[in-house]
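Q: have a look at this prediction, sequence included:
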Amino acid sequence: MTSSFAEIRQRARRPEATVPVCLAGDLVAEHEELDRQLQAQRADGDGGIEGDSRAWLAEQIRALEERMREDTYPFRLRALRRPEFKALLAACPPRRTESGEVDERDAGRGFDIDALYERLVPASIIDPEPGPDLDAVLAELTDGQFVELGNAAFFLNRGSVDVPFSRAASVILRGTGGE
């Protein structure tokens, strides 16, 4: 049954994406140290697991990874309306060198990506709710985490929406005769 444009329009929504962000960044150093210790013990030989601490270290690493997963929040982003996105782009012209040339960081883009992300990320996040708490969390993220959110927000706005294809679902359905 084919829906009318009016029916489809009623269901229309801007694209969304989630970006998992671990907020327990302090645990990274602990993880690295435990992993370094485990790697050192593995390099010392294949003596049985009995009597050495490799199994204990591996369990500690797994427990730490679980704690980090528990402290990971799936930030949900939504594309802006096209005029809003275009206005943000226009408000972030490319940086210029002292000689007036377009800075190489922005060459080919036509905008200052750092300035854009500073405005685009908070404007795109719908969960957690915008406000002082979100602003404080965004200020505490690493540059890499912030860029990951910025990339997701940018591609939500610059990308298109097509019906996706799931290879995994196709394989399962083919195996059960559901396709």
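A: Perfect, thanks for sending it. Numbers count the residues shown, from 1 in each chain.
Q: helices or strands up against the strand or helix carrying residue 28?
A: Following DSSP states H and E, one finds residue 28 within helix 27-43. The elements that helix 27-43 packs onto, with contact taken as 3 or more Cβ pairs under 8 Å, 6 or more residues apart in numbering; DSSP states H and E, are helix 54-70. Just so you know, the C-beta spots here come from the backbone N, C-alpha and C atoms, and that holds for glycine as well.
Q: can you list the buried residues in the next helix or strand after the helix it packs on?
A: Note on helix 54-70: by DSSP H and E, the next helix or strand toward the C-terminus is strand 72-78. Neighbour-count burial for strand 72-78, with 16 or more other Cβ atoms under 10 Å as criterion, is recorded at 75, 77-78.
Q: dump these to TSV, plus distance to residue 9 and pLDDT.
A: Listed next are those as TSV, based on distance: Cβ to Cβ, whole Å; pLDDT from 0 to 100:
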residue	distance to residue 9	pLDDT
75	28	98
77	23	98
78	18	97
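Q: closest to residue 98 out of those residues?
A: residue 77 (35.9 Å; Cβ to Cβ).
Q: bridging residues for that closest one?
A: Beta-bridge pairing for residue 77 (DSSP bridges): residue 17, residue 125.
Q: which stretches of this protein form strands?
A: 16-22, 72-78, 125-127 (DSSP state E).
Q: flag the shaky bits of the protein, pLDDT-wise.
A: By pLDDT under 70, the weakly predicted segments of the chain are 45-52, 177-179.
Q: cutoff 50 now
A: Residue ranges of the chain with pLDDT under 50: 179.
Q: which residues sit in contact with the residue nearest the centre of the chain?
A: The centre of the chain sits closest to residue 19, judged by Cα atoms, centre = their mean, with a distance of 3.5 Å. With contact set as Cβ atoms under 8 Å, 6 or more residues apart in numbering, residue 19 has these partners: 74-75, 77, 148-149, 152.
Q: of those, closest to residue 110?
A: Nearest to residue 110 among the contacts of residue 19, with distances taken as Cβ to Cβ, is residue 152, at 20.4 Å.
Q: count of neighbours near the closest one?
A: Applying other Cβ atoms under 10 Å, we find 21 residues neighbouring residue 152.
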